[in-house]
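> Quick one, structure for this:
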Amino acid sequence: MSCYFRHLKDILDGARIEVTPTNRKQIDQAIHQIVGVTYKDCPETWKRLKQQLTGDEQKRQEFISQLKSAL
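Residues are numbered from 1 along each chain as shown. Have a look, this model is predicted:
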């Protein structure tokens, strides 16, 4: 589950979200929903995250906001 979590540390820190064993699945499901990928399709989710967040601070902030709202 969540093969991309280690790459999102700065995003999760920016959202002030601490990943724990009890909330990990909920966070993962929220991320999948935000990027529009079926749950548990980790490679496609990571691909879309990279496309959406690389080099665009506004999109990064929007993603953080959406993630906070989803949780």
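
> C-alpha from now on. contacts and neighbour counts both.
Will do.

> Contacts only, for Gln52.
Residues counted as contacts of Gln52 (C-alpha atoms under 8 Å, 6 or more residues apart in numbering) are Lys59, Arg60.

> ok, the residue nearest in space to the middle of the chain - contacts?
Central residue of the chain (C-alpha atoms, centre = their mean): Ile31, 4.1 Å from the mean position. Counting by C-alpha under 8 Å, 6+ apart, Ile31 makes contact with Thr45, Leu67.

> SS state for it?
helix (DSSP: H, G, I helix; E, B strand; the rest coil).

> Which pLDDT value goes with it?
Note on Ile31: pLDDT of 94.

> same thing with Met1?
48.

> hmm, back to that, measure the residue nearest to the centre of the chain to Glu57 for me?
Using C-alpha to C-alpha, to the nearest Å, Ile31 is found at 18 Å from Glu57.

> And the pLDDT for Leu53?
In this prediction, Leu53 carries a pLDDT score of 86.

> Surely it is in contact with Gln61?
No: at 9.0 Å, Leu53 and Gln61 do not qualify as touching, with contact defined as C-alpha atoms under 8 Å.

> same for the longest helix seen in the chain, what does it pack against?
Ranked by residue count and defined by DSSP state H, the top helix of the chain is helix 57-70. With contacts defined as 3 or more C-alpha pairs under 8 Å, 6 or more residues apart in numbering; DSSP states H and E, the packing partners of helix 57-70 are helix 9-14, helix 24-35, helix 42-53.

> same question for that helix, mean pLDDT?
92.

> From the chain's centroid, how far away is that helix?
Its chain's C-alpha centre and that of helix 57-70 lie 9 Å apart, by C-alpha atoms, centre = their mean, to the nearest Å.
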